[in-house]
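**Q** I would like to see how this sequence folds:
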Amino acid sequence: KTRGLKELSKENRQMLESYQHLFYLLQTNPKYLAKLLFTMPQNNCTKFMETVVLTIYNYGTNTREECLLLRLFRNALREEIQRKVDKVQDISTGSPTVIKIVVGYYRGSQGNQNSLKSLLGPLIEQVMEDKDLNMNIHPLEVYQAWINATEAETGEPSKLPRDVTPEQALEHKEVTDEIENTIKKLVTIIESFQEKIISSIDQMPYGIRYIAMCLRKDLKEKFPESPDEEIMKAVGNLLYYRYMNPVITAPDSFEIVDLAAGSNLNNVQRRNLGSIAKILQHAASIKVFDSDAKYLESLNSFIKTAYIKFMEFFATASNIEEIEDHFNMDEFSDVTMLNKPMIFISPKEIASTHQLLLDHQKEVTEGEGEEDPINEVLATLGPVPENDQLLSGSDSTTEFGLLLTNKWELNMSDESNIQALFSKTKYLIVDMLKIQKGETFTAILHTQANLQQQELYRAIHSRRVAAENEKTSEDEKNSKTALFDPNDTTIEKLKEHIIKNLHILEQHKLVTPTDDYQEILTSIARDICNQRKYRQRRKQDLKKMAATVERMNKKKKYYGEAVTYYQEYVKACVNNLSKTKKSSKGDKRQTAKYSAQKLYEKGVLVEIEKVPVSSFKAVTIEFSTTDQMGVFEVSGKLSGMNIDKINVDFENLLQLQYEGVSTMKFEDSGVVVNVNLLIFLLNKKFYGVE
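**A** Numbering: from 1, shown residues only. Sure thing, here's the model as predicted:
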């Protein structure tokens with residue numbers, strides 16, 4: 001539930017209006033929050049950034065707020081580099097707060113998440129769907145897998161030792177051949193990943209590329225003696241390692257791939273993706289394999305080639321237009337807004353921000369002088385009020401709509417805000433030129449409109465009045481900064497308004513009548529040219545919203561399928577439980593009885609603690625089926641004495657085999673068995689599988 005200012009008591013209204021001024025200042029002047037972030041206790045910095053700060057910018061949900069949020073990121077990054085970075089390598093080896101927040105924001109927001117999904121999703125899905133793909137290149141794991149496969153295939157215990165070093169494992173041709181074949185496959189897949197990343201540079205969010213450019217410039221400014229290559233490695237650490245690498249290693253965590261209800265990435269899929277991400281990171285940071293990993297030295301030539309490609313990519317990605325050009329916004333853009341910005345914030349967040357500003361007021365306003373606007377606002381507000389003063393009848397976490405206003409917005413009636421006057425006059429001129437045409441601008445200004453033109457203007461004016469009455473609040477209707485003036489009821493009054501404004505602009509040397517006011521006409525032409533950018537941005541916003549709706553529908557469908565899946569699973573479990581209870585006591589069970597000596601010779605039995613091999617002939621081990629599907633009862637006798645019974649789940653055995661576990665111990669019995677050969681035995685005796 002949200003509440004607006006109109007629901008507040010009269011006594012508290014003045015205080016809330018001061019908060020409107022405060023948060024407008026914080027939103028539009030990034031220097032305050034940028035300094036606050038690195039003067040406040042650092043253990044609270046990340047949480048404050050992720051909650052309150054992003055709330056102040058409405059999580060960058062529209063063009064204006066995304067632009068302002070980027071300005072904050074830019075200023076905060078500069079502050080952090082100046083205060084906390086002692087060498088270029090700190091960016092890669094440390095955990096810079098701003099970079100962490102920037103990456104989380106651009107990887108987590110829906111529109112930007114879609115760009116990563118379209119960029120990496122198809123390749124990741126290909127890797128996941130390849131059931132035969134196994135990117136295991138560790139010598140010991142390859143060696144153990146080779147032995148397990150041999151035992152499972154032959155049903156005979158391997159004569160090779162299990163406990164070996166990586167060097168000993170690599171002495172076997174089967175192991176080295178498997179590793180070399182895997183490396184070839186790995187290189188082919190990694191090349192496709194790198195090519196896709198490099199060729200899709202335009203799909204990357206503008207914001208992450210802009211921060212990469214700021215990082216490059218700020219590091220060069222602070223460390224002018226550092227080689228460009230070292231600085232570019234830091235840029236690469238941001239663009240690849242922090243932004244893309246986690247998406248490759250854990251795509252399910254970032255919703256990059258669509259998984260069926262109840263399913264997860266298995267260990268092989270995770271290992272495959274982890275191997276790809278690891279080699280890509282080695283390439284991005286030119287980290288080659290040395291003598292400690294000789295079996296991977298064949299990758300070094302590929303890593304060096306891929307590194308050169310990555311450096312070119314990082315240089316291109318970190319070279320992009322400035323914020324003002326991209327968003328087509330400047331310090332006067334807010335003057336031309338018809339609707340004031342609004343944020344949704346809780347009293348608790350307001351109070352915590354207010355208290356932090358009071359605690360660090362000196363540091364936040366350092367170098368700004370006593371007349372800094374934020375000092376004036378904080379003086380007006382005084383100490384932090386109680387929660388019930390902020391919002392009567394609600395708890396501290398209840399959000400309400402806070403309309404942001406500029407306390408220092410100069411009154412247009414005295415024409416002192418000359419830049420705002422220039423912007424408003426352009427709109428008035430465009431209205432006039434829609435109605436009348438002529439050889440020169442001055443001629444149009446002094447040519448009387450005919451009856452048809454006057455009627456046309458009145459119709460336009462009436463529609464504008466109706467639209468204003470419908471869409472804006474009382475405060476905005478009365479605002480003297482509004483672009484539309486309801487008093488311009490006729491085209492002649494409109495012209496009088498334009499002429500009056502042009503005289504003021506002429507006094508400030510912004511226009512010249514001798515060249516037919518070419519300065520303001522050129523500015524109008526430039527605005528018209530930029531309309532294409534506005535249309536493109538609107539299309540992008542609509543596309544982003546449509547993609548978000550589509551993802552929400554997919555997620556709704558996914559959770560619906562998940563509910564159905566778990567309902568069916570629970571139903572099946574209940575049915576199995578019922579069948580178990582109904583089974584009669586007279587049911588016959590299948591059994592298989594062996595001497596421990598026989599199982600030892602087959603390699604199924606590895607050892608029995610405290611029982612020497614010479615006594616295995618006196619031990620009998622029996623495997624029996626149970627009422628529970630896939631669960632076997634194992635019992636034993638030693639010289640006629642019963643040994644405690646235990647249950648073995650066949651599914652658990654298969655899981656151990658899948659994970660490469662070679663031996664297991666039966667609970668507290670001291671019996672150790674070979675997993676692969678036990679599976680082979682049970683398959684043969686109870687399932688008829690040879």
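
**Q** the strands in the protein, which residues?
**A** 2-3, 342-345, 399-403, 591-595, 605-608, 619-625, 631-638, 641-649, 663-665, 671-674 (DSSP state E).

**Q** Figure out which of those is closest to Thr93.
**A** Closest approach to Thr93 among the strands of the chain (C-beta to C-beta): strand 342-345, 36.3 Å. The way it works is simple: take the backbone N, C-alpha and C, and place the C-beta from them, glycine included.

**Q** CA atoms only for that closest one - export them in PDB, please.
**A** Taking Å, rounded to 0.1, in the frame of the first residue of the first chain, the C-alpha atoms of strand 342-345 are listed here in PDB:
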ATOM      1  CA  MET A 342       8.100  10.900  -7.600                       C
ATOM      2  CA  ILE A 343       9.800   8.200  -5.600                       C
ATOM      3  CA  PHE A 344       8.300   5.600  -3.300                       C
ATOM      4  CA  ILE A 345      10.100   5.400   0.000                       C
END
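
**Q** Quickly run through the sheet partners of that strand, with directions.
**A** Looking at strand 342-345 with DSSP bridges, its partner strands are strand 399-403 (antiparallel).

**Q** How far away from the center of its chain is the strand it pairs with?
**A** 26 Å (C-alpha atoms, centre = their mean, to the nearest Å).

**Q** What residues sit buried inside that strand?
**A** Neighbour-count burial for strand 399-403 flags Glu399, Phe400, Leu402, Leu403 (criterion: 16 or more other C-beta atoms under 10 Å).

**Q** May I see those residues organised as JSON lines, with distance to Ser115 added?
**A** Shown next, in JSON lines, are these (distance: C-beta to C-beta, whole Å):
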{"residue": "Glu399", "distance to Ser115": "29"}
{"residue": "Phe400", "distance to Ser115": "33"}
{"residue": "Leu402", "distance to Ser115": "31"}
{"residue": "Leu403", "distance to Ser115": "32"}
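
**Q** wait, which of the residues you listed is closest to His282?
**A** Distances from His282 to the buried residues of strand 399-403, taken by C-beta to C-beta, are shortest for Glu399, at 46.0 Å.

**Q** so what's that closest one closest to, chain neighbours aside?
**A** The shortest distance from Glu399 to any non-neighbouring residue, by C-beta to C-beta, 6 or more residues apart in numbering, is to Phe344 (4.6 Å).

**Q** Hmm, Thr398 and that neighbour touching each other?
**A** No. Under the criterion of C-beta atoms under 8 Å, Phe344 is not in contact with Thr398, lying 10.3 Å apart.

**Q** Which of those two has more residues huddled nearby?
**A** Neighbours per residue (other C-beta atoms under 10 Å) separate Phe344 from Thr398, with Thr398 holding more: 16 against 13.

**Q** Where do the helices of the stretch 1-150 of the chain begin and end?
**A** Taking DSSP state H, counting those that start in this stretch as the test, the helices found in the stretch 1-150 of the chain are 10-28, 30-37, 42-48, 54-56, 63-84, 90-93, 97-108, 110-129, 139-154.

**Q** How about the stretch 351-500 of the chain?
**A** Under DSSP H, counting those that start in this stretch, the stretch 351-500 of the chain gives helices at 361-364, 373-381, 387-390, 418-435, 441-445, 451-471, 474-477, 491-507.

**Q** Present the buried residues of strand 399-403 as TSV; the columns should include distance to Gln361 and pLDDT.
**A** TSV is the format used below for these (distance: C-beta to C-beta, whole Å; pLDDT from 0 to 100):
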residue	distance to Gln361	pLDDT
Glu399	26	79
Phe400	26	79
Leu402	21	87
Leu403	25	86
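
**Q** just curious, which of those is nearest to Val634?
**A** Glu399 (60.6 Å).

**Q** Val619 and Leu638, how far apart?
**A** 5 Å (C-beta to C-beta, to the nearest Å).

**Q** what residues do the two have in common as contacts?
**A** Shared contacts of Val619 and Leu638, defined by C-beta atoms under 8 Å, 6 or more residues apart in numbering, are found at Val611.

**Q** residues contacting the nearest residue in space to Lys610 that is not next to it in sequence?
**A** Closest residue to Lys610 apart from its sequence neighbours, by C-beta to C-beta, 6+ apart: Gly670 at 6.3 Å. By C-beta under 8 Å, 6+ apart, the contact set of Gly670 is Ile608, Glu609, Lys610, Val611.

**Q** quick one: which of the strands of the chain has the weakest pLDDT on average?
**A** Ranked by mean pLDDT, the strands of the chain bottom out at strand 2-3, which scores a mean of 42.

**Q** number of nearby residues for the closest residue to Thr380 other than its chain neighbours?
**A** Spatial nearest neighbour of Thr380, excluding adjacent residues (C-beta to C-beta, 6+ apart): Ser18 at 5.1 Å. Residues lying near Ser18 (other C-beta under 10 Å) number 19.

**Q** Against Lys557, how distant is Ser18?
**A** Distance, Ser18 to Lys557, by C-beta to C-beta: 47 Å.

**Q** got it, and Lys35?
**A** 46 Å.

**Q** same check, this time on Leu215
**A** 39 Å.

**Q** between those two, who's got more neighbours?
**A** Shown here are Leu215 and Lys557; by other C-beta under 10 Å, Leu215 has more neighbours (26 against 12).

**Q** where does Asp488 land on pLDDT?
**A** pLDDT, Asp488: 66.

**Q** May I have the residues that are in contact with the closest residue to Leu433 other than its chain neighbours?
**A** Computed as C-beta to C-beta, 6+ apart, the closest residue to Leu433 that is not its neighbour in sequence is Ile444, at 7.2 Å. Going by C-beta under 8 Å, 6+ apart, Ile444 touches Met432, Leu433, Gln436, Lys437, Gly438.

**Q** Counting neighbours, what do you get for the second one?
**A** With neighbours defined by other C-beta under 10 Å, the count for Leu433 comes to 14.

**Q** if I pick Gln144, what's in contact with it?
**A** Gln144 makes contacts with Arg162, Gly660, Ser662, as judged by C-beta under 8 Å, 6+ apart.

**Q** Quick check: which ranges of the stretch 101-250 of the chain have low pLDDT?
**A** Flagging of the stretch 101-250 of the chain using pLDDT under 70 yields the residue ranges 109-113.

**Q** Would you agree Thr55 is in contact with Ile350?
**A** No. Between Thr55 and Ile350 there is no contact, the gap being 10.0 Å when judged by C-beta under 8 Å.

**Q** So between these two, which is more surrounded?
**A** Neighbour comparison, Thr55 and Ile350: the larger count goes to Ile350, with 24 against 19 (by other C-beta under 10 Å).

**Q** Per-residue pLDDT of the more buried one, please?
**A** At Ile350, pLDDT is 90.

**Q** What of Trp408?
**A** As predicted, Trp408 sits at a pLDDT of 71.

**Q** For it, the count of nearby residues, please.
**A** 10.

**Q** Does it touch Asp372 like I think?
**A** No. With contact defined as C-beta under 8 Å, Trp408 does not count as touching Asp372 (11.5 Å).

**Q** still on that earlier bit, right, so the helices of the stretch 1-150 of the chain: which one is the most enclosed?
**A** helix 30-37 (a mean of 22; mean count of other C-beta atoms under 10 Å).
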